[in-house]
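**Q** Return atomic coordinates for the entry below.
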Amino acid sequence: MEGDYYMQRDIDLREISDGKLYGSNDMVKADCQDCAGCSDCCRGMGTSLVLDPLDVHTLCTGLGKTFEELLEHSVELNVCDGVILPNLKMAGEREACVYLDDSGRCSIHAIRPGFCRMFPLGRYYEGRSFRYFLQIHECSRPNRSKIKVKKWLDRPDVAQYEQFVGEWHYFLKDVQKLLERAGDDGMARNASMYILKNFYLTPFDSREDFYQQFAQRIEKGKTYFF
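**A** Numbers count the residues shown, from 1 in each chain. You can find the predicted model right below:
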């Protein structure tokens, strides 16, 4: 299976989920009643909270910072399946997300990344598309209640968002496969620099529709690589 975001996971879906796949209109037992101060999922995540271009655009716009400024405080770069990508930084003895406040609450909840919005759901990618699955061992909160997936994601533009997620995921996977076949470290560095420059370092215009701008950049990226 292809695991959540960009990391390959060689795991039987039946071992980590309730065995079901969900669409955005399905009900799923994911609602933890506002977490009530539990912040377990905001600690010890290592480099796994990978940020996509929409995450970074939303953080930059919401916080009034550039991507370079985020790198100074809350974001770091790491290699993920052969490509350098940004992820949220963990800090301190408890390896907590830098946006976790002293009361154990998210200080950027309204502009939180897609990974955080989705948890404890994951994405199962198949056939150039994806569906969601419920991770049964990840959230420590008992007695979660049912909620519609699209309400849990808390996005007003779910259809556009899911199209973006699929486009971005498979673009990266295609680039990674290209690099694996080439086996060229120099080519891998150039690919990472292209992706960082064109999807992260170069800001999207907050006055214009993000998805339209992304569509233009992804088409240029496909032309560049393929």
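
**Q** so what's the residue lying closest to residue 119 once chain neighbours are set aside up against?
**A** Distances taken as C-beta to C-beta, 6 or more residues apart in numbering put residue 41 closest to residue 119, at 5.4 Å, once the chain neighbours are dropped. C-betas here are computed from N, CA, C, even on glycine. Listed by C-beta atoms under 8 Å, 6 or more residues apart in numbering, the contact partners of residue 41 are 116, 119, 120, 138, 139.

**Q** in the lowest-mean-pLDDT helix or strand in the chain, what's buried?
**A** One helix or strand of the chain scores below all others by mean pLDDT, DSSP states H and E: helix 13-16, with a mean of 76. Counting neighbours by 16 or more other C-beta atoms under 10 Å, one finds that the buried residues in helix 13-16 are 13, 16.

**Q** Which secondary structure elements does that helix sit against?
**A** If you count contacts as 3 or more C-beta pairs under 8 Å, 6 or more residues apart in numbering; DSSP states H and E, helix 13-16 packs onto no helix or strand.

**Q** what sits up against that helix?
**A** Residues contacting helix 13-16 (C-beta under 8 Å, 6+ apart): 1, 19, 122, 124, 133, 135, 136, 137.

**Q** got CSV for the residues you listed, with neighbour count too?
**A** As requested, these are exported to CSV (neighbours: other C-beta atoms under 10 Å):
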residue, neighbour count
1, 14
19, 11
122, 22
124, 18
133, 23
135, 17
136, 13
137, 9
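
**Q** Let's have the residues you listed in JSON lines, adding distance to residue 49, pLDDT and secondary structure.
**A** Shown next, in JSON lines, are these (distance: C-beta to C-beta, whole Å; pLDDT from 0 to 100; DSSP: H, G, I helix; E, B strand; the rest coil):
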{"residue": "1", "distance to residue 49": "20", "pLDDT": "40", "secondary structure": "coil"}
{"residue": "19", "distance to residue 49": "26", "pLDDT": "86", "secondary structure": "coil"}
{"residue": "122", "distance to residue 49": "13", "pLDDT": "93", "secondary structure": "strand"}
{"residue": "124", "distance to residue 49": "19", "pLDDT": "93", "secondary structure": "strand"}
{"residue": "133", "distance to residue 49": "18", "pLDDT": "94", "secondary structure": "strand"}
{"residue": "135", "distance to residue 49": "14", "pLDDT": "88", "secondary structure": "strand"}
{"residue": "136", "distance to residue 49": "20", "pLDDT": "83", "secondary structure": "coil"}
{"residue": "137", "distance to residue 49": "18", "pLDDT": "77", "secondary structure": "coil"}
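
**Q** Tell me the one of those residues nearest residue 66?
**A** residue 122 (30.7 Å; C-beta to C-beta).

**Q** Who does that closest one form a beta bridge with?
**A** residue 133 (DSSP bridges).
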